[in-house]
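K.L.:
Return a 3D structure for these sequence lines:
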Amino acid sequence: MQHQRIPMTFDEYDLLEQPFGYKVEYWDGYTVITPRDNLREHADTSIKRYFAGKRGEPHPASVMALAEDGSISGIVADRR
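P.N.:
I've put the predicted structure just below:
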């Protein structure tokens with residue numbers, strides 16, 4: 001799918017939830033929904049950079065366990 005064009009008013013567009021993995025824009029009376037390329041790769045890179053401290057210091061409550069294959073195997077939340 002390249003993109004979807006859905007006719008709607010701006011007020012209707014403003015109420016839409018943003019679907020994960022898609023860019024949602026409003027042009028000339030249409031909502032245009034486009035899938036993002038390489039979503040998995042961008043998400044992996046973002047997570048690795050965050051937990052490596054390259055985008056600032058991670059919050060102490062932010063803990064995530066990655067399996068050897070790179071998949072998320074667990075998330076721990078500090079509930080103090």
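K.L.:
Check what contacts the one helix or strand Arg5 maps to and list those residues.
P.N.:
Element membership of Arg5, judged by DSSP states H and E, is strand 4-7. Residues outside strand 4-7 that contact it (Cβ atoms under 8 Å, 6 or more residues apart in numbering): 29-34. For glycine as for every other residue, the C-beta is placed from the backbone atoms N, C-alpha and C.
K.L.:
now the strands: where do they sit in this structure?
P.N.:
Chain-ordered strands for the chain, with DSSP state E as the definition, fall at 4-7, 22-27, 30-35, 62-66, 72-77.
K.L.:
Any chance you could give me the longest helix seen in the chain in CSV, C-alpha atoms only?
P.N.:
Taking DSSP state H as the criterion, the chain has its longest helix at helix 39-51. These are the backbone C-alpha positions of helix 39-51, laid out as CSV (Å, rounded to 0.1, in the frame of the first residue of the first chain):
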residue,chain,number,x,y,z
LEU,A,39,9.6,0.8,10.9
ARG,A,40,11.2,-2.2,12.7
GLU,A,41,14.8,-1.0,12.0
HIS,A,42,14.0,2.5,13.2
ALA,A,43,12.3,1.2,16.4
ASP,A,44,15.3,-1.1,17.1
THR,A,45,17.8,1.7,16.6
SER,A,46,15.8,4.1,18.7
ILE,A,47,15.5,1.7,21.6
LYS,A,48,19.2,0.8,21.5
ARG,A,49,20.3,4.4,21.5
TYR,A,50,18.0,5.3,24.3
PHE,A,51,19.2,2.5,26.6
